[in-house]
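Peer 1: please work out how this folds:
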Amino acid sequence: MSGHSKWATIKHKKGAADAKRGQLFTKLIKEITIAAKNGGKSDTNPRLRTAIQKAKDSNMPQDNIDRAVKKGTGELPGVVYEETTYEGYGPNGIAIIVEAVTDNKNRASSEVRNIFSKNGGNMAGSGSVSWIFEKKGYFIINKGTIEEDKLMGIALEAGAEDLVTAEETYEIKSTTADFENIKKALEEHNIKLESAEITMVPKNTIKIVGEDARKVLALVDALQDHDDVQNVYANFDIPDDILKKLEEG
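Peer 2: I've put the predicted structure just below:
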């Protein structure tokens, strides 16, 4: 999980600064719209609260956020989006889950299937790989932000399940129920979060090195770049030094 999480963080930082900002805004608007279907008040809708915070972190104008919420609640007319999930395998047998929000499931399914096949992977039936993953609260914190013992005390007291120390970061896992409590506790201690999200964490990982690492990330990138794809989860683990080389390359 650590390798994929770091890659996702790298992609987020790069994406926020490059020409794909328009695509990023489109995906954030879709997430806000879908989340708002369950209520337009962020204080009683955790998913909407998280989606709005991501939009603000990406410097989306407040007017765009407000319109997306109103489209979700039906106060404004708009495209009807549906959520759908795809499962499949990538190079070296890595398991992949793709979450999408689309106005045309048939088109999205065909295009996602094509991305898999063009990048050394293949789509699989529902339930084929989902059993490998668990929905968890997940936080990434830069190691220079706080000492490990202090962070562990704060996180565990707030309900964290686990804290793992990587080369440059701390990674905290929690149940989805404890996610908000932990996030609030970290923010109250002014701890900067590189990432804070409800995500799919794999129960086991496959270590990928060399050219295979490039192939795996090419597939993940291609999936993430599709307009309808909101999230991509995979169980690969790529060593930090290889990730850095690929990021630079």
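Peer 1: beta partners for the closest residue to Ser195 other than its chain neighbours?
Peer 2: For Ser195, the nearest residue in space outside its immediate sequence neighbours is Ile140; the separation is 4.1 Å by C-beta to C-beta, 6 or more residues apart in numbering. Quick note: C-beta positions are derived from backbone N, CA and C, even for glycine. Beta bridges link Ile140 to Glu171, Ser195, judged by DSSP bridges.
Peer 1: was I right to think Ile140 contacts Thr169?
Peer 2: Yes - between Ile140 and Thr169 a contact is recorded at 5.3 Å, counting by C-beta atoms under 8 Å.
Peer 1: quick one on the thing from earlier: tally of neighbours for the residue nearest to Ser195?
Peer 2: Each residue near Ile140 was counted by other C-beta atoms under 10 Å, and the total is 20.
Peer 1: and if you look at Asn122?
Peer 2: Based on other C-beta under 10 Å, the number of other residues close to Asn122 is 12.
Peer 1: now do Ala196
Peer 2: Residue neighbour count, defined by other C-beta under 10 Å, stands at 22 for Ala196.
Peer 1: distance of it relative to Leu223?
Peer 2: Ala196 is 22 Å from Leu223, where distance means C-beta to C-beta, to the nearest Å.
Peer 1: also Met152?
Peer 2: Distance check for Met152 against Leu223: by C-beta to C-beta, it reads 34 Å.
Peer 1: the two: which is more packed in?
Peer 2: Each of Met152 and Leu223 had its neighbours counted (other C-beta under 10 Å), and the higher figure belongs to Leu223 (23 against 17).
Peer 1: got the contact list for the host helix or strand of that one?
Peer 2: For Leu223, the enclosing helix or strand under DSSP states H and E is helix 210-224. Contacts to helix 210-224, defined as C-beta atoms under 8 Å, 6 or more residues apart in numbering, come from residues 4, 7, 11, 90-92, 94, 96, 98, 112, 115-116, 118-121, 208, 229, 232, 234, 236, 238, 242-243, 246.
Peer 1: which of those are buried, as a ChimeraX select command?
Peer 2: In ChimeraX syntax, the buried subset of the contacts of helix 210-224 is picked out as below (16 or more other C-beta atoms under 10 Å):
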select :4,7,11,90,91,92,94,96,98,112,115,116,119,121,208,229,232,234,236,238,242,243,246
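Peer 1: the contacts of helix 210-224 in strands, which ones?
Peer 2: Those of the contacts of helix 210-224 mapping onto strands are Ile96, Val98, Val229, Val232, Ala234, Phe236, per DSSP state E.
Peer 1: max pairwise distance over the residues you listed: which two?
Peer 2: Greatest spacing in these, by C-beta to C-beta: Val229 and Phe236 (17.3 Å).
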